[in-house]
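In: Based on what follows, work out the 3D shape:
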Amino acid sequence: MVNSEMKNMSKAITLICPQSITMYDIASVLEVKFPDLRAITDSNECYIDNYFQDKDEVKYVSIRINKELDYIAVGDYLEFENAPKEFIESLTESNFVHVSYNYTSFYKCILKEMLSGFESLIEKIWVDNDYGRILQAKAVLHGLKEDLHSFSLYP
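Out: Coordinates of the predicted model:
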């Protein structure tokens, strides 16, 4: 059996959160524990990237808000059959924070710090695992705090 950490396979999740949470806020939360993260903001896209070389692999976590893509995301989520009512009602006033990664352990640490940093708003944050599963961020944070290494968003 091959360890999933060893595969250079990209995955992604989306955090659906109140518009009051910006990339500046996310960068401020993360820079305390991860001072090497690189945050960039321009008129269309805001992002934080962390790439590092580990033996023959490039490992990364990339966090983005792209306002142009958010309109497409709202339409897609409105068609989602099993989405909770509270989630659907929050869509038009949400930022969609796209997190892509190929290094599971580091991404879990980043996600835990992000959600911990916004614990006062945790009831209004949702996590889409990109495989048709939408979870309340409170449950995700609880799982990450209980057992960071074995917690998974994927069934």
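In: so where's the protein shaky on pLDDT?
Out: The model of the chain has pLDDT under 70 over residues 1-8, 41-46, 51-56.
In: What ranges does it have for its helices?
Out: Here the chain has its helices, by DSSP state H, at 23-33, 67-78, 85-90, 104-117, 137-146.
In: of all these, which lies closest to residue 39?
Out: helix 23-33 (4.0 Å; CB to CB). Every residue, glycine included, has its C-beta placed from N, CA and C.
In: Just the buried positions in that closest one, please.
Out: Judged by neighbour count using 16 or more other CB atoms under 10 Å, the buried positions of helix 23-33 are 23, 25-27, 29-30.
In: Could you export those as a markdown table, including distance to residue 37?
Out: A markdown table is the format used below for these (distance: CB to CB, whole Å):
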| residue | distance to residue 37 |
| --- | --- |
| 23 | 11 |
| 25 | 14 |
| 26 | 10 |
| 27 | 7 |
| 29 | 10 |
| 30 | 6 |
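In: before we move on, the earlier item: between the helices of the chain, which gets nearest to residue 11?
Out: Of all these, helix 104-117 comes closest under CB to CB, at 7.9 Å.
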